[in-house]
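**Student:** let's see this in three dimensions:
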Amino acid sequence: MSGSETGHRIEGVETVYQGWGRMLLATLVTPDGSRITRQIEDHGDAVAVLPYDAARGTVLLVRQSRPPMLFRDESTPLYEVLAGRVDPGEDIESTARREAMEECGLSLGAIELVGHFFSMPAVSTERLSLYLAPYSLADRTSAGGGLAQDHEDIEVIEIGLDALWAKGMAALADMKTAMLVLALRERLAAQAWPPAA
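**Tutor:** Have a look, this model is predicted:
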């Protein structure tokens, strides 16, 4: 694979690890002709979804063990939106629906794209597609919790929007979650949240 951006050009790529994702070592040629190496993490694209029930004023979030957080000695689990990697041959909307069912037992109807974002362009190739998705109690068809064979042990949390707002941004330490919560807050403010009784 080769590419260029602002005068830099990839001269060669070596795969140094292949597993769930790949760790690559890229040799680049700079505009002045120098050769430098950069690490690239490549695991494909992903989606994230924030389901919300405007009528009841709730959202669905998840919590699960994250090895990088354990490595950092961060003991408080993060609130996160539903998310997952796009499987080969799968489109992003299908991934969003699959992840909602696997993680929360939620059958999604309409979903709305907020946008496509590069999660960490200095290191990773991942492009993350963010969605908002309305839901109701009737859409929860199973308990969720993730796939048993993946040992995800996902805790599903339904939380009131007012309670979530009261926690403040410090509770939203996961960037994709913070972005989607802010997008939802903006949407609901434009629709005069909370709805009249």
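**Student:** which strand or helix spans residue 187?
**Tutor:** helix 175-190 (DSSP states H and E).
**Student:** mind listing what's buried in that helix?
**Tutor:** Within helix 175-190, the residues that count as buried by 16 or more other Cβ atoms under 10 Å are 176-177, 179-181, 183-184, 188. All C-beta atoms are positioned from the backbone trio N, CA, C, and that covers glycine.
**Student:** for that helix, packing partners?
**Tutor:** Applying 3 or more Cβ pairs under 8 Å, 6 or more residues apart in numbering; DSSP states H and E, we find helix 175-190 packed against strand 46-53, strand 58-63, strand 112-118, strand 127-134, helix 161-167.
**Student:** out of those, which comes closest to residue 85?
**Tutor:** strand 46-53 (4.9 Å; Cβ to Cβ).
**Student:** nearest residue to the middle of the protein?
**Tutor:** Centrality entry for the chain: nearest residue to the mean C-alpha point is residue 48, 3.8 Å, by Cα atoms, centre = their mean.
**Student:** burial of residue 54, as a residue count?
**Tutor:** Neighbour count for residue 54, taken as other Cβ atoms under 10 Å: 18.
**Student:** so what's it scoring on pLDDT?
**Tutor:** For residue 54, the model assigns a pLDDT of 88.
**Student:** try the one 10 residues further on
**Tutor:** Reading off the per-residue confidence, residue 64 sits at a pLDDT of 85.
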